[in-house]
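**Q** from the sequence below, what's the structure:
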Amino acid sequence: MTASFSWRRVGGPLAAILALSVVLTILQASGLAFWQGLFVNLGIFLILVLSLNLSNGFTGVFSLGHIGFMALGAYASAVLTLPLREKGDYLPNLPGWLAGVHFDFYLGPFPSGFLAATLIAAVFVSLIALLVGLVLMRLSGHFVAVATLGFLVIVRVVLFNADNFTRGSRTFSNVTPYTNLWWVWAWALLVLYIVWRIKRSSFGRAMLAQREDRWAAQSIGIAVMPPRLLAFVISAFFTAVAGSLYAHFITSFSPTVFYFDLTFRVITMLVVGGMGSVSGSVIGVILVVGLAELLRRIEDATLLYGISQIILAMIFIFIIVFRREGLLGQREIALDRWFERR
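**A** So this is what the prediction gives:
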């Protein structure tokens, strides 16, 4: 009886993972660069939206500055993995302790250096998020939204002016292209599982309780600051991971990439799917990425450039006005129950 029950619980998620593995294997073998790139972007956006949902959806503290954490993660991991020759040419004024660092080691075919650089960048960004969160997580409502937006602006200004580390407004290029389908979706599934488990944990229940009614939560002994800060720091960690994956996928980028356009797109995905719903994050990413790609093709055919941003903005306004909770609200798709019914 116990074995049967366990199989029914894990059968649905395992079937979904198996189906995803088959799709990734086919894509990898096909050599279709367009579809491979689309699925890589899909996985990166999934990490971003799940991370933002952990902070915004679970705690109700609406952050507009998470793309700043993505930018810091991208630059930190890129500097750590940049080959020494390119590092000497592109960043000649790096401090000595960083100029000779190059994470390029392998364990067999496995690029362990890339993993180490990603984790170091994510921990570095988490420490920054901890310092920022100790101040900003005491705020609520539109105050914290404006404050986190200010953080995004600060990060942008720092990246533009830290020439010794980021090349300023010039393109940071020659980043080693480590990111592939398997890297992205391994991280995406890990983030999906962790965020799902956090939602069902005692910390997750505390996050949701103080989001619904802060004073009622405090009256029954639920502290407001710890769950908010935990969500903010973990969210920043995974956002930095997404930044590292993004940097080692496109290999050339500048600070202009990490600003309002990307922020708006990620928030649109989150709101469309439903804030507070892990399943909603997945659905929102798939819908918005698919729609954006369709609209891009329409733009190329009709030469009506910019129509995709207009339509996405209209969808965002429509959701906010007529279905504020998003497509799923706080509900989840239970794969175990679906598999049991099948």
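**Q** excluding chain neighbours, what is closest to residue 211?
**A** residue 60 (3.5 Å; Cβ to Cβ, 6 or more residues apart in numbering). Just so you know, the C-beta spots here come from the backbone N, C-alpha and C atoms, and that holds for glycine as well.
**Q** what's the answer for residue 304, then?
**A** Nearest to residue 304 is residue 298, by Cβ to Cβ, 6+ apart, at 7.4 Å.
**Q** and for residue 235?
**A** residue 55 (3.9 Å).
**Q** give the contact list for that neighbour.
**A** Taking Cβ atoms under 8 Å, 6 or more residues apart in numbering as the criterion, residue 55 is in contact with 61, 63, 66, 231, 232, 235.
**Q** in the helix or strand hosting the residue nearest to residue 304, what's buried?
**A** Using DSSP states H and E, residue 298 maps to helix 278-302. By 16 or more other Cβ atoms under 10 Å, the buried positions in helix 278-302 come out as 278-285, 287-289, 291-292, 295.
**Q** and it, what does it pack onto?
**A** Where contact means 3 or more Cβ pairs under 8 Å, 6 or more residues apart in numbering; DSSP states H and E, helix 278-302 is packed against helix 33-52, helix 181-199, helix 260-273, helix 307-322.
**Q** distance between stretch 190-201 and the chain's centre?
**A** How far stretch 190-201 lies from its chain's middle: 14 Å, per Cα atoms, centre = their mean, to the nearest Å.
**Q** send the alpha carbons of that stretch over as CSV?
**A** Output in CSV follows, covering the C-alpha atoms of stretch 190-201 (Å, rounded to 0.1, in the frame of the first residue of the first chain):
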residue,chain,number,x,y,z
LEU,A,190,15.6,22.6,-9.3
VAL,A,191,14.2,26.0,-8.8
LEU,A,192,10.7,24.8,-9.5
TYR,A,193,11.0,22.0,-6.9
ILE,A,194,12.5,24.3,-4.2
VAL,A,195,9.9,27.0,-4.7
TRP,A,196,7.2,24.4,-4.6
ARG,A,197,8.6,22.9,-1.4
ILE,A,198,9.0,26.4,0.2
LYS,A,199,5.3,27.2,-0.5
ARG,A,200,4.3,24.0,1.4
SER,A,201,6.7,24.5,4.3
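**Q** tell me the buried residues in it?
**A** 191, 192, 194, 195, 196, 198, 199.
**Q** using PDB, write out every CA atom in stretch 306-316.
**A** The C-alpha trace of stretch 306-316 is given here as PDB (Å, rounded to 0.1, in the frame of the first residue of the first chain):
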ATOM      1  CA  GLY A 306       6.800  47.600 -31.800                       C
ATOM      2  CA  ILE A 307       3.400  46.000 -32.000                       C
ATOM      3  CA  SER A 308       4.500  43.100 -29.800                       C
ATOM      4  CA  GLN A 309       5.300  45.400 -26.900                       C
ATOM      5  CA  ILE A 310       2.000  47.200 -27.300                       C
ATOM      6  CA  ILE A 311       0.000  44.000 -27.400                       C
ATOM      7  CA  LEU A 312       1.800  42.600 -24.300                       C
ATOM      8  CA  ALA A 313       1.200  45.800 -22.500                       C
ATOM      9  CA  MET A 314      -2.500  45.700 -23.400                       C
ATOM     10  CA  ILE A 315      -2.700  42.100 -22.100                       C
ATOM     11  CA  PHE A 316      -1.100  43.100 -18.900                       C
END
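**Q** okay, buried residues for it please.
**A** 308, 312, 315, 316.
**Q** what's the closest non-adjacent residue to the second one?
**A** In space, and not counting its chain neighbours, residue 312 is closest to residue 268: 5.9 Å by Cβ to Cβ, 6+ apart.
**Q** give me every residue that touches residue 111.
**A** Contacts of residue 111 by Cβ under 8 Å, 6+ apart are 104, 178.
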